[in-house]
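S.K.: predicted model and sequence below, questions to follow.
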Amino acid sequence: MTITDFSVILPVTLLTAWASILLLAELFLPRAQRPFLALLAALGLALTLGISLAQSAQEFAPGFGGMVVRDGFSNFLNVLFLLTGLFGVALSYRYNQRAQIERGEYYPLLLFSVAGMMLMGQAADLIVVFLALELLSFPLYILSAFAYPRPQSEEAGLKYFLLGAFASGFVVYGIALTFGASGSTDLARIVASVAAGSANLPLLTAGAGLLLVGFGFKVAAVPFHMWTPDVYQGAPTSVTAFMAAGAKTAGFAALLRVFGAAFPALAADLSPLMAILAAVTMLFGNLIAVAQTDMKRMLAYSSIAQAGYLLMAFAPFEIEAARTMAVAGALFYLLAYTLASFGSWGVVIALEKDLDRHLSIGDFAGLARRSPWLAAAMTVFMLSLTGLPPTLGLVGKIYLFRAVIEGGMVWLAVIGALTSVVSAFYYLRIVVNMFMREGEPAVEREWWLEFAIGAAAVVTVVVSLWPFPLFEWAEWAVMKLF
């Protein structure tokens with residue numbers, strides 16, 4: 001192991017070591033002081049974030065024989081993953097105490113999952129992609145069942161584990177076929193074998209299809225979405241919030257890295273399939289969300305629909321001129337979605353009193369009178385998820401739609417626009433309940449939670465007024481990827 005190797009994986013190593021120390025520290029802390037672990041977890045995430053930002057100005061560097069890399073793409077995603085971890089800690093701190101699931105292993109598991117996400121963004125070899133996928137997934141399986149002995153939480157963890165293991169099997173089989181077709185699992189060597197004409201393209205296409213199945217499960221794309229509503233509803237809400245943003249972002253990181261760097265020669269075969277997946281996912285997620293009255297299930301189907309918008313980025317891969325814009329738009333929209341997702345789940349946590357009674361959309365009635373700022377923040381998040389001004393969600397969708405149109409798929413942009421209109425019905429229904437219905441919802445006053453919600457709302461609005469520096473960073477990251 002060289003100094004360069006150590007430097008490349010320094011943020012992941014630091015976070016993994018910090019999580020291991022927290023796991024040991026929990027043994028020596030009295031039960032009354034276990035909430036202090038949340039502060040230590042946030043400190044570890046903040047230190048790692050500082051190192052990642054310091055490395056963002058450094059040049060491309062491979063590590064461990066090219067199996068992992070540090071580049072603009074991984075730096076952008078590392079910052080996003082660490083922010084996801086910080087939001088996850090903020091939303092969990094008081095909620096876990098209220099729900100009586102304050103156990104010391106919660107925060108180490110969360111940090112291990114974030115480390116897996118970061119490794120996913122840096123993976124340049126399919127073997128490392130699989131290891132990162134499992135590192136981020138296994139803690140989530142445990143966290144989904146963290147509210148035991150509640151049957152719904154145990155059911156959520158079991159469903160997520162069984163279906164996740166099944167999806168991982170597809171990933172392993174896809175890696176095997178890719179290796180058989182190209183003679184390597186290294187992404188750069190796969191490209192080189194295709195360019196040299198030595199790769200078996202039909203076998204490589206089959207491998208790419210199986211990888212798409214496995215990653216499609218992680219991002220909750222139709223028809224690999226079946227686990228999402230039940231797991232989101234049964235898992236503790238703090239875990240659901242972290243999973244909805246973090247696991248989806250990690251899944252798209254893998255898709256962007258693998259399909260952007262390893263399979264550009266298959267773009268002509270895969271682009272139509274990606275376009276169809278995007279259209280079906282947008283239609284299914286939005287139409288089913290309209291019929292939901294349970295808040296967690298509605299946000300689950302909303303998450304499926306958002307995966308459809310992000311999948312639009314892969315549709316114009318065949319057109320080289322539109323590829324960079326599409327992937328940069330996906331990175332930009334991932335940030336917009338992360339902020340809106342965490343913010344909306346944070347409001348759900350603020351209103352959720354009983355873990356055994358699910359929050360309905362009607363429970364938001366009268367929130368504007370009870371807590372005007374919380375209602376205003378929730379309005380910002382609903383507007384962003386819909387794609388209305390003045391929010392980052394609108395800017396992100398504009399970038400995605402523009403890339404799709406430049407790629408010659410106007411029909412897909414039309415479907416995206418129409419499904420966004422459909423989504424306005426169930427998103428704005430929450431706003432109507434908050435401002436135009438009578439009610440007396442009880443609101444938990446927690447400063448960590450309020451700070452996280454407020455920060456997400458402010459960034460969502462303020463950055464949308466001047467989004468160009470952020471998009472230029474995303475575009476630079478994508479140029480380094482290609």
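M.R.: Yes, it's here.

S.K.: alpha carbons only for contacts and neighbour counts from here, please
M.R.: Noted.

S.K.: surely Y160 is within a helix?
M.R.: Yes. According to DSSP: H, G, I helix; E, B strand; the rest coil, Y160 belongs to a helix.

S.K.: residues contacting it?
M.R.: For Y160, the contact set (C-alpha atoms under 8 Å, 6 or more residues apart in numbering) comprises Y141, S144, W227, V231.

S.K.: and these, which is the shakiest by pLDDT?
M.R.: Lowest pLDDT of the contacts of Y160: W227, 87.

S.K.: just want the phi and psi numbers for that one.
M.R.: W227 adopts backbone torsions of phi -70, psi -20, taken as degrees, to the nearest 10.

S.K.: again with R70
M.R.: According to degrees, to the nearest 10, R70 has phi -110, psi 120.

S.K.: equivalent analysis for P223, please.
M.R.: Taking degrees, to the nearest 10 as the convention, P223 sits at phi -100, psi 30.

S.K.: what number of residues lie near it?
M.R.: Residues lying near P223 (other C-alpha atoms under 10 Å) number 13.

S.K.: can you get me a residue count around G65?
M.R.: Using other C-alpha under 10 Å, G65 has 11 other residues around it.

S.K.: contacts only, for A245.
M.R.: T84, Y337, T338, S341, F342.

S.K.: check those residues and tell me the two furthest apart.
M.R.: Using C-alpha to C-alpha, these span at most 11.1 Å, a distance reached by T84 and Y337.

S.K.: wait, is P62 part of a strand?
M.R.: Yes. Assessed by three-state DSSP, P62 belongs to a strand.

S.K.: show me the beta-bridge partners of it.
M.R.: V69 (DSSP bridges).

S.K.: which ones are touching it?
M.R.: Counting by C-alpha under 8 Å, 6+ apart, P62 has contacts T4, D5, V8, V68, V69, R70.

S.K.: tell me the pLDDT at it?
M.R.: On the pLDDT scale, P62 is placed at 83.

S.K.: now do it against S74, distance only.
M.R.: 12 Å (C-alpha to C-alpha, to the nearest Å).

S.K.: kindly report the same for L331.
M.R.: Look at L331 and S74: by C-alpha to C-alpha, they are 11 Å apart.

S.K.: same deal with F425?
M.R.: 36 Å.

S.K.: which one's more surrounded, these two?
M.R.: Using other C-alpha under 10 Å as the criterion, F425 and S74 rank with S74 on top: 27 against 14.

S.K.: how far away is that one from V422?
M.R.: For S74, the distance to V422 - C-alpha to C-alpha - is 34 Å.

S.K.: and F381, what is it in contact with?
M.R.: L339, A340, S341, G343, S344, A457, T460.

S.K.: give me the element it is part of.
M.R.: Using DSSP states H and E, F381 sits within helix 372-386.

S.K.: in that helix, what counts as buried?
M.R.: Within helix 372-386, the residues that qualify as buried are 374-386, counting by 16 or more other C-alpha atoms under 10 Å.

S.K.: what does stretch 157-166 give?
M.R.: Of all the residues in stretch 157-166, those buried under the rule 16+ other C-alpha under 10 Å are G157, L158, K159, Y160, F161, G164, A165.

S.K.: closest one of those residues to A368?
M.R.: Checking the buried residues of stretch 157-166 one by one against A368 (C-alpha to C-alpha), the nearest turns out to be G157, at 34.9 Å.

S.K.: looks to me like that closest one is in a helix.
M.R.: Yes. Per three-state DSSP, G157 lies within a helix segment.

S.K.: gap between G85 and V8?
M.R.: Separation of G85 from V8 (C-alpha to C-alpha): 20 Å.
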